[in-house]
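Chemist: For reference, the sequence and a predicted model appear below.
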Amino acid sequence: MPHWLDLMLTSLPTLLWAGVKFTIPLTLLSFAFGITLGLITAVTRLFGARPLVLFARFYVWVIRGTPLLVQLFVIFYGLPSVGILLDAFSAALIGFTLNVGAYTSEIIRAAISSVPKGQWEAAYSTGMTWGQAMRRTILPQAGRVAVPPLSNTFISLVKDTSLAAAITVPELFQSAQRIVATTYEPLILYIQAALIYLALSSVLSALQARLETRFARYGGMLEVNR
């Protein structure tokens, strides 16, 4: 058996375990919290009081205007200087959540804004409150518009979690770095890590395509029923 193949087979369980234990949970939790934060931020910017709108705009401006890696360093290495101590996973989770929240808020805000005003009027004419109109009429339609870019954000997040290695989270990429430190085979190990990320992204892309097809059919049914 070639040396490179033997090394890849030997290291594969370690890399996969790191992915299952850290990379995947970090991705799922960050996206779930981030999209919730994004929805709150988007609704605040569209319908909130002016002080809240200004705060939401400031948050989005800061997060979108600074590198994710710098944000992670500020949270993990910077906050201890003011007495806030976080373990590596928690710091990464907060950093990715804030980052995802800022970007998804723009996606959701644009999707909500794309729903015709007539849909609001139709909802109100049936006796719905603002909250009921948002939940039952506006968000389902905005969701069809937001699904593709939100899916792309999720796929990008899977790859971005490799940055957590910089703050000592033992996820997939840092596990590869640790193996490299003992085997001195960076090319083989980093290619293997890249292939695992590629496999994850490919699976998610296939799921995204199916999800978009389903939403397209749902949208077509809505148009026929109108």
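Modeler: That came through, no problem.
Chemist: shaky segments in this protein?
Modeler: 215-226 (pLDDT under 70).
Chemist: List the buried residues for the helix ranked longest in it?
Modeler: If you go by DSSP state H, the chain has its longest helix at helix 186-225. Of the residues in helix 186-225, 188-189, 192-193, 196-197, 200, 204, 208, 215 count as buried by neighbour count, 16 or more other CB atoms under 10 Å. For every residue, glycine as well, the C-beta is placed using N, CA and C.
Chemist: same check, this time on stretch 119-137
Modeler: So for stretch 119-137, counting by 16+ other CB under 10 Å, buried means 120, 123, 128, 133-134, 137.
Chemist: What is the end-to-end distance of that stretch?
Modeler: With CA to CA, to the nearest Å as the measure, stretch 119-137 spans 7 Å from end to end.
Chemist: ok, residues contacting that stretch?
Modeler: Stretch 119-137 is contacted by residues 43, 138, 141 when judged by CB atoms under 8 Å, 6 or more residues apart in numbering.
Chemist: Report back the residue of this structure that's furthest from centre.
Modeler: Distance from the C-alpha centroid of the chain, by CA atoms, centre = their mean, peaks at residue 1 (39.7 Å).
Chemist: Now do the buried residues in stretch 48-61.
Modeler: Of all the residues in stretch 48-61, those buried under the rule 16+ other CB under 10 Å are 56, 59-60.
Chemist: next one: stretch 138-149
Modeler: Neighbour-count burial for stretch 138-149, counted by 16+ other CB under 10 Å, picks out 138-139, 141-147, 149.
Chemist: Among these, which one lies nearest to residue 33?
Modeler: residue 146 (17.0 Å; CB to CB).
Chemist: Now do the same for residue 85: helix, strand or coil?
Modeler: With DSSP: H, G, I helix; E, B strand; the rest coil as the basis, residue 85 sits in coil.
Chemist: Tell me how many other residues surround it.
Modeler: Close neighbours of residue 85, defined as other CB atoms under 10 Å, add up to 9.
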